[in-house]
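Visitor: everything below, folded, please.
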Amino acid sequence: MPKFQKKPVVIEAVQFTGVNHREVFDFLYPGAIWTVEFMQLPVVIETLEGDMTAMPGDWIIKGVKGEFYPCKPDIFAVTYGPECSPEVMQGEESRFSISDVELKLCNILVCLADAHDSKASMAAAMGGYEKSVEFHSARAHELRAEAKRIEAAW
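Guide: Here you go, the predicted structure:
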């Protein structure tokens, strides 16, 4: 089955703490008049799929087309990270940009390992190519080990 990877997109988001109603309101409705009714729980967000709610801890995300939607904190943590702006890349916090590169490198190494596994399987199926099977199997193992080493260094 084909696999796909999300394109890198920079989004804006605010985490609802349960007490930062004004910040959330200003994020959702810039320039609108603040109302006391908005201070209720849960916060109701008009999304493209209809009204959704945000509870304390949830992130409210502004999508690429200006739409808003809530996101649970555990999903947000595995899906989003700090923006890799030029300032971050040049400063002390360059670890953020490096981790993005390391993640891409790990993905490439695993893809290369899969290709070597395929070559080893083809050579084994054809018979008489033991050295080729050994080489490609060993190379696949090395590439996966390198990907794990890089991943562990994060």
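
Visitor: pLDDT of the lengthiest helix in the chain, averaged?
Guide: Taking DSSP state H as the criterion, the chain has its longest helix at helix 95-126. For helix 95-126, mean pLDDT is 70.

Visitor: packing partners for that helix?
Guide: helix 86-90, helix 130-153 (3 or more C-beta pairs under 8 Å, 6 or more residues apart in numbering; DSSP states H and E). For every residue, glycine as well, the C-beta is placed using N, CA and C.

Visitor: from the contact counts, what lies against the longest one?
Guide: Under the contact criterion of 3+ C-beta pairs under 8 Å, 6+ apart, helix 130-153 touches helix 95-126.

Visitor: what angle sits between the helix it packs on and helix 130-153?
Guide: 160 degrees (axes from the mean of the first three to the mean of the last three C-alpha atoms, to 10 degrees).

Visitor: relative to Tyr69, how far out is Thr47?
Guide: 5 Å (C-beta to C-beta, to the nearest Å).

Visitor: looking at the two, which is more packed in?
Guide: Tyr69 (16 against 13; other C-beta atoms under 10 Å).

Visitor: now Asp117. Nearest residue, chain neighbours left out?
Guide: Closest residue to Asp117 apart from its sequence neighbours, by C-beta to C-beta, 6 or more residues apart in numbering: Ala140 at 4.7 Å.

Visitor: report the buried residues of the helix or strand hosting Val78.
Guide: Secondary structure from DSSP states H and E places Val78 in helix 73-79. Of all the residues in helix 73-79, those buried under the rule 16 or more other C-beta atoms under 10 Å are Phe76.

Visitor: by mean pLDDT, point me to the weakest helix or strand of the protein.
Guide: helix 86-90 (a mean of 47; mean pLDDT, DSSP states H and E).
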